[in-house]
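1. Pasting a predicted model and its sequence here:
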Amino acid sequence: MPRIGVFICHCGHNIASTVGIEKVVEYAKSLPGVVYADHNIYSCSEEGLSSIRKSIEENKLDRVVVAACTPRTHEPLFRRTCELAGINKYLFEFVNIREHCSWIHTKEPDMATEKAKRLIAMGVAKAGLLEPQTESEAEVVPTAVVIGGGAAGLAVASSLAAQDIETHLIEKSSRLGGMLNDISVISPELEETKPLLDAMLRVLKTSPKVHVHTDTRLTAAKGFVGNFELTIDEKGESRNIKAGSIVVAAGAKELVPTGEYGYGSIPGVITQLDLERMLAKGEVPKRSVFILCVGSRQPGREYCSRVCCNVSLKNAMRIAEARPDSTVTILHRDIMSYGTASEKLYRDVSEKGVQFLRYSLGNPAKVRSQDNGIMVEVNDETLGEDIGLLTDVLVLATPMVSMEDATEIAKLLKVPLDKHGFFLEAHVKLRPVEFATDGVFICGSARWPASVRESISQGLAAAAKAAIPIKKGKVVIEAITAWSDPDKCAACGNCVAACPYEAIEIVDSDKGRTAKVNEAQCKGCGTCVAACPNDAMQQKGFTTRQLGAMIDALVKNALEESP
Amino acid sequence: MTGFNPTILAFCCNWCSYAGADLAGVSRLQMPPNVHVVRVMCSASVKPEYVFKAISQGIDGVLVLGCHIGDCHYMTGNHRTAKRIPVVRKAIHDLGIDERRVHLDWVSAAEGEKFQKVVTEFVNDIKKLGPNPLRGVRF
């Protein structure tokens, strides 16, 4: 018989002002297996934690239930307290009576008290069936792989090399640098690209730890954090690389317009990258009109690509500086010149005489070719009048879009993409350069259109993260993984098909053919458990018996004991 | 059915719906106290047997809440949920129980208000349906 202790938290007034703590404590004492129940003003305080620890030791508790806030924030803390008190941290169960009870039923204290009792009964029922678990460890291959050799990828590789980590840099084209090769000056400070790129390449060339693979693509990937096995196609030859962590820095590309504003049919209608190439050759147009947000912030591609405003401001400045007799008119829907340097550039450009004219999405400019140039007719939203602009070049600022091979890379590495085809990080704020899949990291424009400066910062951040498992040398796997009972398993393979991580295989055992879960590869989603028709597959901490006991407890306490 | 106070079980995935329920709490969004959340790692781990067990033992309604399609923490787990739960509803219906007692929905970690809405509407729907006819039946 387990010896369960229940600790109910007041959370100051947060729980106690709604839930009748005394009643709940008394009720908890009556639950099967509960040998001790108590309450704390703040269970998570130093005082609360030491009182829990003392109670565990004094009452020889072997299962602990804390009814307080959410396991999403506080579970590690209470698990640690259990460990300090000498019991396995997986013998702890969290019951949420704050977010899921007191805070959402503030006007119904009696009902909230009854609900808290039922939630605790469910938690206690599960706790009684918890089993101690051992977290497994796996050795880490001390090598990193970086996919993409643009600004972000170069930053990752140089930082990893500086940390003495063996690094393979995979680039699909024949040269490193990505989009840095196409732009000669970087916004918003207008510094030259070449010295920057040369400096980054020099670091890689002088580092014996970095192995550059150009004309190379990822063709297969398996494994898990610490032990990835990648197959690459390098100039037509296939080879394997083992890695502890992987960084995706696959970049993005400029959207090529599909006929908008005469692109492709009227000479002189070009994109910002086309303009970059002209300016790099010293060809500075006398008359220019830029149209911003071409193909973005519209139905189907709603996002703002952010970088195109700064690129446009930069190129307007270059034209204005290189040719005093030039005119530049920027047709925009909004100007995204975020940050101090970009806002300064916006003001400097305005002072140089560059004209800004606002148009609306529903009223785009009309473009036609004339003998003396390109005629752009646009409705100025501010004046409310149609204006005709005669120009030599019409520059379309199109957004960055995802790379065509993003889908393939995402599939191989089993990481998600958003609806626009950009890679999706694990958490926008807390884990911005990580995927939910351990050991795989993301940075630069592959995640979202990023400036050179942002790409490099994100690359350095991803490198720091990617170095963690390698520097630790071992990865700990949380014991919420699945396992299969060979006595029940019929080797049907449903679980193999269901597993999103290819973590399960059918193997021969002394009990015949049976499913076997590779613990290090299992992410603990439990999908296989639901797919198993024989109840052979179980997830640690979420077994079918444990969840069944929770249902039984709810039935017993809600339907049988109360009217 | 005045005085009928339904008992409802909700399976929430750890990453989206449970977090959405937490957000509803943090935002102090008020809702009826009939729903009891069970945390699972993924909505795809909810066995049909859990739903059958709850309904056959008299639980008035079962909610299964997961991440929106495309946002699953486990990539494609919720695709299975999306296919599985309609089959579970069909089976419930074939057993002579109103399939509206089982409801699948998507609630993201940012959708505290949606959690409140789903819970409130489901409780109202179940109140209209009345108590589970299997309540108190033992076999």
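-> All right, it came through fine.
2. Residue A:523 in helix, strand or coil?
-> coil (DSSP: H, G, I helix; E, B strand; the rest coil).
3. Can you give the distance from stretch A:476-490 to the centre of its chain?
-> Chain-centre distance of stretch A:476-490: 28 Å, with C-alpha atoms, centre = their mean, to the nearest Å.
4. helices and strands of chain B: which one has the lowest mean pLDDT?
-> helix B:17-26 (a mean of 93; mean pLDDT, DSSP states H and E).
5. Please, where are all the strands along the stretch 201-350 of chain A?
-> Using DSSP state E, counting those that start in this stretch, the strands of the stretch 201-350 of chain A run over A:210-213, A:216-224, A:227-234, A:237-243, A:245-248, A:252-254, A:269-271, A:287-291, A:327-332.
6. which residues sit against the last one?
-> Residues from elsewhere that reach strand A:327-332, judged by C-beta atoms under 8 Å, 6 or more residues apart in numbering or on different chains: A:286-293, A:309, A:312, A:316, A:319-320, A:353-359, A:365, A:376, A:378, A:389, A:391. Where you see a C-beta, it was placed from the backbone N, CA and C, and this is true even at glycine.
7. Quick check: residue B:116 touching residue B:26?
-> No. At 11.9 Å, residue B:116 does not count as touching residue B:26 under the criterion of C-beta atoms under 8 Å.
8. Give me the contacts around the least confident helix or strand of chain B.
-> Residues beyond helix B:17-26 that count as contacts (C-beta under 8 Å, 6+ apart) turn out to be A:70, A:72, A:96, A:98-100, A:103-104, B:10, B:12, B:31, B:37, B:39, B:43, B:65-67, B:106-116.
9. Just the buried ones from those?
-> A:70, A:72, A:96, A:98-100, A:103-104, B:10, B:12, B:31, B:37, B:39, B:43, B:65-67, B:106-109, B:111-112, B:114-116 (16 or more other C-beta atoms under 10 Å in any protein chain shown).
10. Break chain A down into its structural domains.
-> When chain A is parsed with automatic domain parsing, its domains come out as A:4-133, A:143-253+A:401-475, A:256-398, A:479-539.
11. So is the second one next to chain B?
-> The reference is to domain A:143-253+A:401-475. Yes. Domain A:143-253+A:401-475 reaches chain B (C-beta under 8 Å from any C-beta of the partner chain) through A:414, A:415, A:416, A:418, A:419, A:424, A:436.
12. One more: the last one?
-> Yes. Using C-beta under 8 Å from any C-beta, domain A:479-539 reaches chain B at A:480, A:498, A:500-501, A:523-527, A:529-531, A:535, A:539.
13. what ranges of chain B fall below the confidence cut-off?
-> B:1-2, B:139 (pLDDT under 70).
14. what about the strands in it?
-> B:8-13, B:35-40, B:61-66, B:102-106 (DSSP state E).
15. Ok, which of these comes nearest chain A?
-> Taking C-beta to the nearest C-beta as the criterion, chain A comes closest to strand B:35-40 out of the strands of chain B, the separation being 5.3 Å.
16. on that earlier part again, in the least confident helix or strand of chain B, which residues are buried?
-> B:17, B:18, B:19, B:20, B:21, B:22, B:23, B:24, B:25.
17. Quick check: residue A:315 touching residue A:276?
-> Yes. Counting by C-beta under 8 Å, residue A:315 touches residue A:276, with 7.1 Å between them.
18. any chance you could map the helices in chain B?
-> Assigned by DSSP state H, chain B shows helices spanning B:17-26, B:48-56, B:77-94, B:112-129.
19. Equivalent analysis for the stretch 451-563 of chain A, please.
-> A:452-472, A:494-498, A:527-531, A:544-554 (DSSP state H, counting those that start in this stretch).
20. which one of these is the most hemmed in?
-> Across the helices of the stretch 451-563 of chain A, averaging neighbours per residue (mean count of other C-beta atoms under 10 Å in any protein chain shown) puts helix A:527-531 on top, at a mean of 27.
21. name the helices or strands packed onto it?
-> helix A:494-498, strand A:537-539, helix B:77-94 (3 or more C-beta pairs under 8 Å, 6 or more residues apart in numbering or on different chains; DSSP states H and E).
22. ok, how many other residues are close to residue A:370?
-> 9 (other C-beta atoms under 10 Å in any protein chain shown).
23. residue nearest the centroid of chain B?
-> The residue lying closest to the centre of chain B (C-alpha atoms, centre = their mean) is residue B:63, at 0.5 Å.
24. does that residue have beta-bridge partners, and which?
-> residue B:10, residue B:103 (DSSP bridges).
25. Now do the same contact list for it.
-> B:8, B:9, B:10, B:11, B:35, B:103, B:104, B:105, B:118, B:119, B:122.
26. Out of the buried residues of helix B:17-26, which is nearest to residue A:87?
-> Proximity of the buried residues of helix B:17-26 to residue A:87 (C-beta to C-beta) peaks at residue B:18, which lies at 25.2 Å.
27. Include mean pLDDT when you put the helices of the stretch 451-563 of chain A into CSV, please.
-> Formatted as CSV, the helices of the stretch 451-563 of chain A follow (pLDDT from 0 to 100):
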stretch, mean pLDDT
helix A:452-472, 97
helix A:494-498, 96
helix A:527-531, 97
helix A:544-554, 98
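28. Let's have those in JSON lines, adding distance to residue A:328.
-> As requested, the helices of the stretch 451-563 of chain A are exported to JSON lines (distance: least, C-beta to C-beta, whole Å):
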{"stretch": "helix A:452-472", "distance to residue A:328": "23"}
{"stretch": "helix A:494-498", "distance to residue A:328": "58"}
{"stretch": "helix A:527-531", "distance to residue A:328": "56"}
{"stretch": "helix A:544-554", "distance to residue A:328": "65"}
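29. This completes my enquiry, with thanks.
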